[in-house]
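Chemist: Sequence isn't available, so here's the structure alone:
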Ligand SMILES: NC(=O)c1ccc[n+]([C@@H]2O[C@H](COP(=O)([O-])OP(=O)(O)OC[C@H]3O[C@@H](n4cnc5c(N)ncnc54)[C@H](OP(=O)(O)O)[C@@H]3O)[C@@H](O)[C@H]2O)c1
């Protein structure tokens with residue numbers, strides 16, 4: 001039985017994954033709550049479909065009958081993952097998603113023993129965040145055994161989809177890092193430091209991305225921070241941005257911004273996805289002061305999400321899974337990301353010629 005489902009298949013990312021899956025000869029069942037869009041896409045791709053809501057348990061259970069795996073692409077996942085995970089555990093269906101949300105990783109990690117009992121694999125984060133960075137973290141932990149600090153920095157070139165913007169809104173106004181193994185809330189964008197993405201030091205600010213959760217499960221490193229590159233000209237404005245960010249937290253403000261994002265954001269076009277690049281720098285340190293860094297260069301973020309999600313779908317369908325909660329780099333090892341065409345690892349401080 002190789003039946004599997006993409007839920008949220010009509011969204012920007014779900015649709016990219018559905019199209020690429022069919023092109024790769026896979027035959028997903030497309031699902032989501034928007035009957036018109038799901039039906040149209042399934043008919044175009046000539047694949048089966050199901051229209052169902054997440055808040056109707058009976059309908060969801062019915063939709064999952066006979067499925068071996070769900071790739072959940074409907075976010076923000078803080079609003080959508082719990083009912084899908086519950087249904088997967090109940091019906092013995094493996095669960096993958098493309099979240100990058102710390103709270104979601106932590107909530108799903110809590111289901112580890114339930115998943116083991118059910119013989120189900122729960123692997124959130126099979127997209128751009130966290131597959132490449134999780135593999136990089138696992139790789140660095142192997143290069144410096146006993147590392148106590150991990151810092152990851154992302155430089156993703158290109159625009160973002162409305163779903164990503166809406167999801168980032170749920171994290172706005174708050175920072176998060178891991179200290180001595182525990183998640184600690186911090187003021188937003190608190191830390192500023194430079195990372196070298198291959199063309200000299202570039203300023204970066206700390207952000208609450210998923211690796212703060214997942215890299216700990218993958219590597220056991222107790223202190224973790226995640227950063228994103230910002231233009232140097234933004235540095236003088238950071239104080240004002242930090243002060244303004246908490247304004248985004250109240251529900252009515254988010255509501256207005258959500259509606260605006262829905263109307264105005266499209267996501268990167270085909271050319272951007274084909275030509276764009278993402279770069280991740282990882283650095284580990286140990287208590288003796290040793291420091292090791294590596295860079296990973298790969299395709300544009302959404303293109304990478306499609307590739308990594310389908311890579312892991314195929315692994316699970318081929319029987320390469322383990323019951324319980326798992327991270328991509330933790331289960332499949334650091335070399336998983338090397339299977340994605342266009343991904344290159346660099347060690348040391350040398351500048352990159354290829355960017
Ligand atoms: N980790 C990564 O690297 C990565 C990469 C790409 C995307 N993502 C995440 O993936 C999510 C989707 O992004 P996107 O760009 O595809 O967004 P999108 O175009 O806005 O699509 C969102 C999808 O989720 C569905 N959805 C939302 N809330 C739902 C609910 N309560 N019940 C059922 N379906 C619901 C939508 O259905 P309707 O059309 O019916 O509203 C739509 O199918 C976001 O959370 C984004 O952050 C993560």
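Modeler: Nice, I can see it. What you are looking at is a predicted structure, and each value in this text was computed from that prediction instead of being measured. Numbers count the residues shown, from 1 in each chain.
Chemist: in this protein, which helix has the most residues?
Modeler: helix 301-317 (DSSP state H).
Chemist: and after that one, which helix or strand comes next?
Modeler: strand 324-325 (DSSP states H and E).
Chemist: what packs against that following strand?
Modeler: Applying 3 or more Cβ pairs under 8 Å, 6 or more residues apart in numbering; DSSP states H and E, we find strand 324-325 packed against helix 112-118, strand 121-123. Just so you know, the C-beta spots here come from the backbone N, C-alpha and C atoms, and that holds for glycine as well.
Chemist: let's see it at 6 Å
Modeler: Counting contacts by 3 or more Cβ pairs under 6 Å, 6 or more residues apart in numbering; DSSP states H and E, strand 324-325 is packed against helix 112-118.
Chemist: Name the residues that touch the helix it packs on?
Modeler: For helix 112-118, the surrounding residues in contact (Cβ atoms under 6 Å, 6 or more residues apart in numbering) are 89, 92, 122, 323, 324, 325.
Chemist: Distance check, the most centrally placed residue in the chain against the ligand.
Modeler: By Cα atoms, centre = their mean, the chain has its centre lying nearest to residue 129, at 3.0 Å. The gap separating residue 129 from the ligand is 4 Å, by Cβ to the nearest ligand atom, to the nearest Å.
Chemist: list the contacts for that residue?
Modeler: Contacts of residue 129 by Cβ under 6 Å, 6+ apart are 100, 209, 210.
Chemist: Kindly recompute the last result at 10 Å.
Modeler: 98-101, 152, 154, 156, 164, 209-211, 214, 226, 280, 301, 304-305 (Cβ atoms under 10 Å, 6 or more residues apart in numbering).
Chemist: Just these: which are in strands?
Modeler: Residues of those located in strands (DSSP state E): 152, 154, 156, 226, 280.
Chemist: Tell me the buried residues within those.
Modeler: Buried subset of the ones in strands among the contacts of residue 129 (neighbour count, 16 or more other Cβ atoms under 10 Å): 152, 154, 156, 226, 280.
Chemist: Looking at those, which is nearest residue 177?
Modeler: residue 226 (7.8 Å; Cβ to Cβ).
Chemist: Could you check the pLDDT of that closest one?
Modeler: For residue 226, the model assigns a pLDDT of 98.
Chemist: ok, for it, nearest residue in space, not its chain neighbours?
Modeler: Leaving aside its chain neighbours, residue 226 sits nearest to residue 209 (4.4 Å; criterion: Cβ to Cβ, 6 or more residues apart in numbering).
Chemist: Return the list of helices and strands in contact with the helix or strand hosting residue 59.
Modeler: Per DSSP H and E: residue 59 is located in helix 57-64. Here helix 57-64 touches strand 4-7, strand 29-32, strand 49-51, helix 77-91, going by 3 or more Cβ pairs under 10 Å, 6 or more residues apart in numbering; DSSP states H and E.
Chemist: Up against the ligand, what does this structure have?
Modeler: Contacts of the chain with the ligand, taken as Cβ under 6 Å from any ligand atom, map to 8, 10-14, 32-34, 54, 73-77, 79-80, 98-100, 127-129, 161-164, 167, 267, 302, 305.
Chemist: got a list of what residue 13 touches?
Modeler: 6, 73-75, 98, 127-128, 161, 163-164, 267, 301-302, 305-306, 309.
Chemist: Apply 6 Å and report the result again.
Modeler: residue 73.
Chemist: residues in contact with residue 10?
Modeler: 32, 34, 37, 38, 41.
Chemist: Just the buried subset of the residues you listed, please.
Modeler: 32, 37, 38, 41.
Chemist: Residue 190: which of these is nearest?
Modeler: The closest of these to residue 190 turns out to be residue 32 (Cβ to Cβ; 37.3 Å).
Chemist: Quick check: the closest one touching residue 39?
Modeler: No - counting by Cβ atoms under 6 Å, residue 32 sits too far from residue 39 to count as a contact (10.0 Å).
Chemist: residue boundaries of the helices in the chain?
Modeler: 12-23, 35-45, 57-64, 77-91, 102-109, 112-118, 131-143, 162-171, 211-219, 238-244, 251-264, 270-275, 301-317, 328-332.
Chemist: Cheers, nothing more for now.
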